[in-house]
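>>> Predicted coordinates and the sequence they were generated for:
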Amino acid sequence: MKRGSSRKIALERIKILMNLAEEVHRKDMELAQRYYRLAWRLALKARLSFPLKWKKFICRRCKTLLFPGVNATVRMRQRRVPHVTIRCMVCGGYTRYPYKSRKI
Amino acid sequence: MITPRNIFRHELIGLKVLIIGSSNPSLIGLRGEVIYETKNMLWVSVKGDVKKIPKNVCTFEFKLPRNGRVVVEGEHLVGRPERRLKKRVRRSLW
């Protein structure tokens, strides 16, 4: 079996699962987290990097999948380096992403 | 895309399923949507409640998202969902 083919299938499966998680999280948050865990395990198995779209909304501290407005807050901060702060309401951890490259 | 060829290695969660054969006669004819999957069980939501159905004794008919239906022997689906990714199935089986 070609290595590429299982990677392609893995990516498709990750997309299916994450879209389902987005659909289902308002009704059943636990199920949404389980779908995401499954998708994560697929990425590990196929040695894929998780799609960036969703990777940024995973808490670095407790690895929960975050939905802004449900279990996370997203704020733009200007102090020091301009950045986006995502706060996880489950564990209280912060994830920060700078959005402006520094001038040299 | 899920095709009859790669369904053994693809995602079953989210598919509509009908059980057409089983060693447990009360399961035959059950229709629903796959909600979750473990090594030996499919969790199927049937009219609001979740039923856990063993894979190894059942024959399933899955409705594919785009093109038609596939009949699958449950024996070939045994295995954790992430391990099925690299599963090989012999040609003579289908």
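Perfect, thanks for sending it. Keep in mind that what you see is a predicted model, and the values were worked out from it rather than measured.
>>> So which elements touch the lowest-mean-pLDDT helix or strand in chain A?
Sorting the helices and strands of chain A by mean pLDDT, DSSP states H and E puts helix A:3-24 at the bottom, at a mean of 88. Contacts defined by 3 or more CB pairs under 8 Å, 6 or more residues apart in numbering or on different chains; DSSP states H and E place helix A:3-24 against helix A:29-46. (C-beta placed from N, C-alpha, C; glycine too.)
>>> ok, residues contacting the helix it packs on?
By CB atoms under 8 Å, 6 or more residues apart in numbering or on different chains, the residues outside helix A:29-46 that reach it are A:6-7, A:10-11, A:13-14, A:17-18, A:20-22, A:24-25, A:48-50, A:54, A:58, A:64-65, A:67, A:70-71, B:13, B:35-36, B:81-83, B:85-86.
>>> How about stretch B:15-34?
B:2, B:12-14, B:42-47, B:51, B:53, B:57-65, B:71.
>>> If any of the residues you listed are buried, give me the ChimeraX selection for them.
Filtering the contacts of stretch B:15-34 down to the buried ones (16 or more other CB atoms under 10 Å in any protein chain shown) takes a single ChimeraX command:
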select /B:2,12,13,14,42,43,44,51,53,58,60,62,64
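>>> Any idea how far the least confident helix or strand of chain A is from the middle of the chain?
Taking the mean of its C-alpha atoms, helix A:3-24 sits 13 Å from the chain's own mean (CA atoms, centre = their mean, to the nearest Å).
>>> can you check stretch A:90-104 too?
15 Å.
>>> Just list the residues touching A:W54, thanks.
A:18, A:36, A:65.
>>> Then B:V50 would be within a helix, right?
No - judged by DSSP: H, G, I helix; E, B strand; the rest coil, B:V50 forms no part of a helix; its state is strand.
>>> Neighbours of it, how many?
Using other CB atoms under 10 Å in any protein chain shown, B:V50 has 12 neighbouring residues.
>>> what bridges to it?
B:S45 (DSSP bridges).
>>> What pLDDT does the model give it?
According to the predicted model, the pLDDT of B:V50 comes to 92.
>>> Name the nearest residue to A:I58, ignoring sequence neighbours.
A:L65 (5.9 Å; CB to CB, 6 or more residues apart in numbering or on different chains).
>>> list the contacts for the one you found?
A:21, A:25, A:32-33, A:36, A:54, A:57-58.
>>> so, if you compare these, which one comes nearest to A:R79?
Comparing the contacts of A:L65 against A:R79 with CB to CB places A:F57 closest, at 22.7 Å.
>>> who in chain B is up against chain A?
Within reach of chain A by CB under 8 Å from any CB of the partner chain, chain B has these residues: B:1-2, B:6, B:9-11, B:13-14, B:35-36, B:81-83, B:85-86, B:88.
>>> The same query, at a cut-off of 6 Å, please.
B:9-11, B:14, B:81-82, B:85-86 (CB under 6 Å from any CB of the partner chain).
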